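*Asks:* pasting the sequence and the predicted coordinates here, then a few questions.
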Amino acid sequence: MTSNQAEDMDHDRLKEQLLMLYDGELSGTEAQEAADHLRSCPACRKEYADWERIARAFFKAPQVHMSSHFVRKVMKRIETLERPAGKKHPSLLRWLVPAMGMGFIVGIFTWSSVILQPPQVSIEALLLTNGRDTSGSQWIFQEEGPRAQDLLTMALEEQ
Amino acid sequence: MGGSIEEREIIQKILSGQPEAYEALVRKHHIKMVRLCTFLLSNSADGEDAAQEIFLKAYRSLHQFRGEAAFSTWLHRITVNHCTDLMRARSRRDIESWEELAQREGDKLNQLLSEPSNPHQRLEASDLIERVLSHMPLKYKTVLVLREVQGLDYREIAGVLGCSVESVRAQLRRARENFKEKMRHFLGNDDV
């Protein structure tokens, strides 16, 4: 290793130490050595000063705009977290929700059975119209056991 | 490091059913956390909202705090993770390129760097500062903000980022080189 190479390595090491000096991470003889180098090396002095300027311009005395109610807002949200509605009446909710769901299903079923049921006509009404379809809708015979079937057969036989 | 006795007592109170005790922790740390969020998100408007979420997140996870590090370090870790997630979710499509920014705002950057300690200058340039910081790689910005803004030492930064002190030193060196390279044109060649 030439003496120039050795000097370069030492310079790189000191350059690295200057950043630690800036950050307050050196003490004792290491801090002294870095400070001495800073005084004697113009290139390192400029690097050091450049960073100081950048840091002061972009990172120091930050302007933080914040609401004066910050703490109150956070605590209000924590208060809300701590008393969820479900905790006060857990047993009531445990029964109320399924009961409401069941009621809803029963309601839908009842509604659909009333609305969707096809029109019905009695055998007597059918006989009065002599078997003709006068309403244009599809008729369904009311089931009344064997008597209804007999009446229909009789009516057809009479024709 | 290690959590302070007072903070550990407060945490014990909260965990044993006194949520109102959390107010002391919020009051103690909120300014630092809002400032950290503002810098990491490079947006003062989002900083406060993010900090609120972080205090809620910390409250919900308080039972996981083991007290090996200071509460402040733990809170910093939650903040860095939260802001990293927010930054990754943000679209970068609308952000101007560094070249465009440097060209358009060159005069202001020169002025800012020539009088870096002038508070009026900084106030006027606060939007520009946010835009410049938004061009830094997130990893570099995080380590620089933890050191330069929050004033954490290498060991504390290592605790927040979950890496070694040597890694923190290397990351800081690279982050500063990256920033200086961007600013080289505006720093001039004056001898010091």
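*Replies:* Sure thing, it's come through.

*Asks:* hey, where'd the helices end up in the chain?
*Replies:* By default, I'm working from chain A. Here chain A has its helices, by DSSP state H, at A:3-22, A:28-40, A:42-58, A:70-82, A:90-115, A:123-128, A:146-158.

*Asks:* wrong one, I was asking about chain B
*Replies:* Ranges of helices within chain B are B:5-15, B:22-41, B:44-60, B:71-89, B:98-104, B:106-114, B:119-124, B:126-133, B:138-144, B:154-161, B:165-187, based on DSSP H.

*Asks:* which one of these has the lowest average pLDDT?
*Replies:* Among those, helix B:119-124 has the lowest mean pLDDT, at a mean of 74.

*Asks:* can that helix be said to contact chain A?
*Replies:* Yes - applying CB under 8 Å from any CB of the partner chain, one finds helix B:119-124 touching chain A at B:P119, B:R122, B:L123. For the C-beta atoms, the positions are set from N, CA and C on the backbone; glycine is no exception.

*Asks:* who in chain A is up against chain B?
*Replies:* Counting by CB under 8 Å from any CB, the residues of chain A near chain B are A:16, A:19-20, A:23-25, A:42, A:45-51, A:53-67, A:70-71, A:73-75, A:77-79, A:81-82.

*Asks:* picking up where we left off before, could I get the helices of chain A as CSV with mean pLDDT and mean neighbour count?
*Replies:* Converted to CSV, the helices of chain A look like this (pLDDT from 0 to 100; neighbours: other CB atoms under 10 Å in any protein chain shown):
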stretch, mean pLDDT, mean neighbour count
helix A:3-22, 81, 14
helix A:28-40, 92, 13
helix A:42-58, 92, 18
helix A:70-82, 91, 15
helix A:90-115, 74, 10
helix A:123-128, 66, 14
helix A:146-158, 71, 11
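
*Asks:* and B:S126, how many neighbours does it have?
*Replies:* A count of neighbours around B:S126, defined by other CB atoms under 10 Å in any protein chain shown, yields 15.

*Asks:* my understanding was that it contacts B:S44; is that so?
*Replies:* Yes - judged on CB atoms under 8 Å, B:S126 makes contact with B:S44 at a distance of 7.2 Å.

*Asks:* residue contacts, B:V80?
*Replies:* B:V80 is in contact with B:L36, B:L40, B:T142, B:L146, B:V160, B:L161, counting by CB atoms under 8 Å, 6 or more residues apart in numbering or on different chains.

*Asks:* just those residues now: which is nearest B:E130?
*Replies:* B:L40 (11.1 Å; CB to CB).

*Asks:* from B:L15, how far off is the closest one?
*Replies:* 29 Å (CB to CB, to the nearest Å).

*Asks:* outline the domain layout of chain A.
*Replies:* A:3-58, A:123-158 (automatic domain parsing).

*Asks:* if we can go back for a sec, please name whichever of the helices of chain B is nearest to A:G107.
*Replies:* Closest approach to A:G107 among those is made by helix B:44-60 (40.0 Å; CB to CB).
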